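>>> Structure here, sequence nowhere to be found:
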């Protein structure tokens, strides 16, 4: 797997790796079920600490992009259903919190729109 890390970038190496794998999984370049390299193998290939790769994999698993199956390794997950489920859970948590804060629906939606524009400029 061809990944690159820019050591001079402001983005930490684990996040650069996480983002590249997530994007390739979303685009289909890494198909569902594809096995990722072991933490050690990818760390060695990229000249990074194993902990850096482990953190990237952990974040990918938390986001539902990959699944870890013991000896079978880390595999690209079927992200469609997982991504929608995780987004729905996050939305429910957000709705509960803004309700406790007393925000109106328009104000709560405006906060989401602003956050999306900040996170995904130009989208």
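Yep, it's here. Values in this document were obtained by computation on a predicted structure and should not be read as measured data.
>>> okay, now residue 21: neighbour count?
Neighbour count of residue 21, defined by other Cβ atoms under 10 Å: 24. Bear in mind the C-beta positions are built from the backbone N, C-alpha and C, glycine included.
>>> who touches it in this structure?
Going by Cβ atoms under 8 Å, 6 or more residues apart in numbering, residue 21 touches 3, 30, 36, 56, 60, 65-66.
>>> How many residues are close by residue 99?
11.
>>> That should have said residue 118, apologies.
Other residues near residue 118 come to 8 when the count uses other Cβ under 10 Å.
>>> what's the helix or strand where it lies packed up against?
In this assignment (DSSP states H and E), residue 118 forms part of helix 105-119. Judged by 3 or more Cβ pairs under 8 Å, 6 or more residues apart in numbering; DSSP states H and E, the packing partners of helix 105-119 are helix 79-101.
>>> Which members of the contacts of residue 21 occur in strands, if any?
Judged by DSSP state E, strands contain the following of those: residue 66.
>>> could you measure residue 104 against residue 111, distance?
Taking Cβ to Cβ, to the nearest Å as the measure, residue 104 falls 11 Å from residue 111.
>>> repeat for residue 14
28 Å.
>>> quick one: which of these two has more around it?
More neighbours surround residue 14 than the other of residue 14 and residue 111, with 20 against 14 (other Cβ under 10 Å).
>>> The more buried one and residue 53 touch, don't they?
Yes - counting by Cβ atoms under 8 Å, a contact exists between residue 14 and residue 53, whose distance comes to 7.5 Å.
>>> Could you list the domains of the chain?
13-77, 80-119 (automatic domain parsing).
>>> winner for burial among those domains?
domain 13-77 (a mean of 17; mean count of other Cβ atoms under 10 Å).
>>> quick one: terminal-to-terminal distance for that domain?
End-to-end distance of domain 13-77 (Cα to Cα, to the nearest Å): 22 Å.
>>> one step back: run through who's touching the helix holding residue 118.
94-95, 98, 103, 123.
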